[in-house]
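A.B. asks: Next come a sequence and a model predicted from it.
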Amino acid sequence: MTTTWFVSCNSSTNDKIRQNLPEENIQRGMTCIDLQKRQIKLDLWECDFKFVQELQSNKKNWKLSFRVFRRVGPYGRSIREAPAWLYDESVPAPKKSKTKVPRK
């Protein structure tokens, strides 16, 4: 299944991104779902996963501020904020619960 990656950022980070991505990669007023499951509208830069990793690795050095979103599957699916453990190696993935939830 195809995953499309997006970055939302403040104006100083936006300038850094603009140096690396073409202007046509910006998607204005996109409806997204954040980690608290709230629906929000944001301007997003569409990019590949490698670019997200590059931003993350330079976050402290370049003083970047951004949020990462992704759409899994074909166009038309919802764009959701990506948990940090997907793109930041310093954040551990959540442990899977071993308790089974009974089906009703």
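C.D. replies: Perfect, thanks for sending it.
A.B. asks: ok, which stretches of this protein are strands?
C.D. replies: In the chain, the strands defined using DSSP state E lie at 3-9, 26-33, 39-47, 66-72, 79-81.
A.B. asks: looking at these, which is closest to residue 93?
C.D. replies: strand 66-72 (15.2 Å; Cβ to Cβ). Placement of C-beta: from N, CA and C, glycine included.
A.B. asks: Quick one: list the elements packing against the closest one.
C.D. replies: Packing contacts for strand 66-72, counted by 3 or more Cβ pairs under 8 Å, 6 or more residues apart in numbering; DSSP states H and E, involve strand 3-9, strand 79-81.
A.B. asks: what angle separates the longest one from strand 66-72?
C.D. replies: What separates the directions of strand 3-9 and strand 66-72 is an angle of 160 degrees, with axes from the mean of the first three to the mean of the last three Cα atoms, to 10 degrees.
A.B. asks: Go through strand 3-9 and flag the buried ones.
C.D. replies: For strand 3-9, a neighbour-count test (16 or more other Cβ atoms under 10 Å) marks 4-9 as buried.
A.B. asks: So which of those is the closest to residue 56?
C.D. replies: Nearest to residue 56 among the buried residues of strand 3-9, with distances taken as Cβ to Cβ, is residue 7, at 10.1 Å.
A.B. asks: Make TSV from the helices and strands packed on strand 66-72 and add distance to residue 56 and mean pLDDT to it.
C.D. replies: Compiled in TSV, those are given as follows (distance: least, Cβ to Cβ, whole Å; pLDDT from 0 to 100):
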stretch	distance to residue 56	mean pLDDT
strand 3-9	10	95
strand 79-81	14	95
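A.B. asks: which stretch among those comes nearest residue 58?
C.D. replies: strand 3-9 (12.6 Å).
A.B. asks: Partner strands of the closest one, with direction?
C.D. replies: For strand 3-9, the paired strands and their directions (DSSP bridges) are strand 39-47 (antiparallel), strand 66-72 (antiparallel).
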